[in-house]
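**Student:** Got a predicted model here, sequence first, then my questions.
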Amino acid sequence: MERYDLVIIGGGAAGINALKTAVTLAARVVLVDRGPLGGTCVNRG
Amino acid sequence: MVRSARIHRLTKEAARFGTTTGAVELDWPAVVRRQHDIVKEFQPLPASLAHTGAEVVLGEARFSDPHTIAANGSTLRGEKILIGAGSSPVMPAVPGIDAAITSDEILFLPVFPTRLVIVGAGAIGLEMAGAFSDFGADVTVIGQESEILPAFDPDIAGYVRKILERRGITFHLGATLTGFSGAQGAVTTHFTHHGEPRAPSLSRS
């Protein structure tokens, strides 16, 4: 089992911004998305 | 798509602005293709996040306990878990709902709908109503509240409604959807207005 400071579910606007902020705080981060990345705004207008 | 629609309408109105054109025709497959290309361009690839040092797992996520996520064969334990799973349209439990499509599917319709009934007078419903009306479709919007855009100030909402009405969009407000009949391509939308059943209009929904 891999251990992380933060597991993010969803690779849209919220998830990707959370990822970028968390890595600046040296957090160990994994993002899970069923794909494609980008989320509601990008993929469904 | 909204931009494609506005350009289509402005081109039709071009003579009024002093530019003459030939006959203006809609190339719907080109509209859908352009939109598709833009979506593709904006979809981030997992590799584009590699420089951050974070990992990306593609797959559906499931909680196996409050700190553990199972996804695509991996088990991921997080001190914190952030859920940013996005939103999807609600399909109301009314008879004949299978004949209706969602705002996701309307962006990829293979054939342009010349008549369209939109259920929902919020931002997404009106975005689609405005666009499809600009493309030349006969658009009817059914809204549950007494005014469109319930999240906005009523004076602004009424102003927007008048603009859209002037462009030919029909609104049925204070209406409750009761169901659909027919099949895709010739769907009749049924609703009640202040409790009174309304004569359904034959429209593509």
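**Tutor:** Everything's here; your move. Residues are numbered from 1 along each chain as shown, chains lettered A, B, ... in the order given.

**Student:** Output the below-cut-off pLDDT ranges for chain A.
**Tutor:** A:45 (pLDDT under 70).

**Student:** Could you name the helices and strands sitting against the lengthiest helix in it?
**Tutor:** Longest helix in chain A by number of residues, with DSSP state H as the criterion: helix A:13-24. On a contact count with 3 or more C-beta pairs under 8 Å, 6 or more residues apart in numbering or on different chains; DSSP states H and E, helix A:13-24 meets strand A:2-9, strand A:29-33, helix A:39-44, strand B:74-83. All C-beta atoms are positioned from the backbone trio N, CA, C, and that covers glycine.

**Student:** residue ranges with poor pLDDT in chain B?
**Tutor:** For chain B, the stretches with pLDDT under 70 are B:199-205.

**Student:** quick one: the strands in it?
**Tutor:** Using DSSP state E, the strands of chain B run over residues B:55-58, B:61-65, B:68-71, B:74-83, B:115-119, B:138-142, B:170-172, B:175-183, B:186-193, B:196-197, B:201-203.

**Student:** distance between the biggest helix by length in chain B and the chain's centre?
**Tutor:** Assignment by DSSP H gives helix B:28-42 as the longest helix of chain B. Remark: helix B:28-42 is offset 15 Å from the chain centroid, using C-alpha atoms, centre = their mean, to the nearest Å.

**Student:** Dump that helix to PDB, keeping only the CA atoms.
**Tutor:** This file holds the C-alpha atoms of helix B:28-42, laid out as PDB (Å, rounded to 0.1, in the frame of the first residue of the first chain):
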ATOM      1  CA  TRP B  28     -23.000  21.300 -38.100                       C
ATOM      2  CA  PRO B  29     -20.400  18.600 -38.400                       C
ATOM      3  CA  ALA B  30     -17.800  21.300 -38.600                       C
ATOM      4  CA  VAL B  31     -19.100  23.000 -35.500                       C
ATOM      5  CA  VAL B  32     -19.000  19.700 -33.600                       C
ATOM      6  CA  ARG B  33     -15.500  19.000 -34.900                       C
ATOM      7  CA  ARG B  34     -14.100  22.400 -33.900                       C
ATOM      8  CA  GLN B  35     -15.500  21.900 -30.400                       C
ATOM      9  CA  HIS B  36     -14.100  18.500 -30.200                       C
ATOM     10  CA  ASP B  37     -10.600  19.800 -31.200                       C
ATOM     11  CA  ILE B  38     -10.800  22.500 -28.600                       C
ATOM     12  CA  VAL B  39     -11.700  20.000 -25.800                       C
ATOM     13  CA  LYS B  40      -8.800  17.800 -26.900                       C
ATOM     14  CA  GLU B  41      -6.400  20.700 -26.800                       C
ATOM     15  CA  PHE B  42      -7.400  21.600 -23.200                       C
END
